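>>> Predicted model, plus sequence, below.
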Amino acid sequence: MQPTTVDNTMTGIVLAIIAILAVVTIIGIIAGARRRNARRAAERAEDARLAERSSTNRPLRDSDATDVPSPVATAAPTPTLTPAPTPARAPAGSAPAAQPAVPVTPVPVAPPPPPLTEMPEVAEPAPADEAAPPLADEPIAAAAPQDASPAAEAQPASAPAEVTAEPAPAPAPAVAPAPSAPAGPPPGEAPVTQIKGLGPKVAAMLAEQGIITVGDLAALDQRAAEDLDARLGAFTGRMGRDRWLEQAQLLAAGDIKGFEAKFGKL
């Protein structure tokens, strides 16, 4: 009788342990399902909020305009002309009323012009001297014709040398200065979506916290980064695992080579 009792006791203990493990497993499955449903609900709420924000920021189109009744043109009221009051006639025999004295304003008189200065007398030119006596007609001896030398006759008259003006050299074209490359934005102004593992959903949540550029994220210290990570909801823990703070510091410093050496190409 004793061996049977011991076997029954051991069997009961094993069945109890199996039942406890089954209950714990079921509780774990239920808790995991609730946690998964809560995460999905948070993601759906975040998607709905982003969709609502994008719809509110969308520019108005012609189809969005509501029908506004056009203003009806109303005729301007016609002004009524009031007759001018007729002055009352004075009774016959009465003396005319004295007219009020109108003050007479004196007319400004222009000052007299300054006296003319006496012009200096111009001295008359002295009379021309008497004409010189005409030259006497003296006979002029005719010049004897010069005999041309035979050497001079042999040489033909040299033609005048033609002077050809050389064209002035054309001025060298002015070399335009090379256009300078436009300066790009500073590295710290890059959006946070350049960080590896940071998508548009997390970027929208960071924008609500005032973090828009990599410079804003790089300016946080470790304590502020941990507080920000705790407010990311379903994405909590990604900042430490993906090393967002270190990536932001390298990008804000413009160290692209160091960034690509650690995290790969942009």
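Received, thanks.
>>> Name the nearest residue to Ala253, ignoring sequence neighbours.
Taking C-beta to C-beta, 6 or more residues apart in numbering as the measure, Ala253 lies nearest to Pro187, with 6.9 Å between them; neighbours along the chain are not counted. To be clear about C-beta, it is placed using only N, CA and C from the backbone, and glycine gets the same treatment.
>>> Leu250 is in contact with that neighbour, correct?
No - with contacts defined as C-beta atoms under 8 Å, Pro187 does not count as touching Leu250, sitting 9.4 Å away.
>>> When the two are compared, which one has more neighbours?
Between Pro187 and Leu250, Leu250 has the larger neighbour count (other C-beta atoms under 10 Å), namely 22 against 18.
>>> Give me the buried stretch members for the helix or strand hosting the more buried one, please.
Per DSSP states H and E: Leu250 is located in helix 244-252. Across helix 244-252, burial judged by 16 or more other C-beta atoms under 10 Å covers Trp244, Leu245, Gln247, Ala248, Gln249, Leu250, Leu251, Ala252.
>>> same thing with stretch 30-47?
Of all the residues in stretch 30-47, those buried under the rule 16+ other C-beta under 10 Å are Glu46.
>>> List the contacts of that stretch.
With contact meaning C-beta atoms under 8 Å, 6 or more residues apart in numbering, stretch 30-47 is reached by Lys201, Ala204, Met205, Gly233, Ala234.
>>> Now, those residues that are in helices?
Residues of the contacts of stretch 30-47 located in helices (DSSP state H): Lys201, Ala204, Met205.
>>> Skipping adjacent residues, who's closest to the last one in space?
I take that to be Met205. With sequence-adjacent residues excluded and distances taken as C-beta to C-beta, 6+ apart, Met205 is closest to Leu232, at 5.9 Å.
>>> What residue spans form the domains of the chain?
The record's domain parsing of the chain by automatic domain parsing lists 1-44, 188-263.
>>> Take those and write them to TSV, including mean pLDDT and distance to Glu52.
Formatted as TSV, the domains of the chain follow (pLDDT from 0 to 100; distance: least, C-beta to C-beta, whole Å):
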stretch	mean pLDDT	distance to Glu52
domain 1-44	90	13
domain 188-263	88	12
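>>> Looking at these, which is nearest to Ser54?
Among those, the nearest to Ser54 by C-beta to C-beta is domain 188-263 (9.8 Å).
>>> Any idea how many residues pack against Leu228?
When neighbours are counted by other C-beta under 10 Å, Leu228 comes out with 20.
>>> Gln209 is in contact with that one, correct?
Yes - counting by C-beta under 8 Å, Leu228 does reach Gln209; the two are 6.1 Å apart.
>>> what's near enough to touch the nearest residue to Gly258 once chain neighbours are set aside?
Take Gly258 and drop its neighbours on the chain: the residue closest to it by C-beta to C-beta, 6+ apart is Leu250, 5.3 Å away. For Leu250, the contacting residues are Gly258, Phe259, Lys262, by C-beta under 8 Å, 6+ apart.
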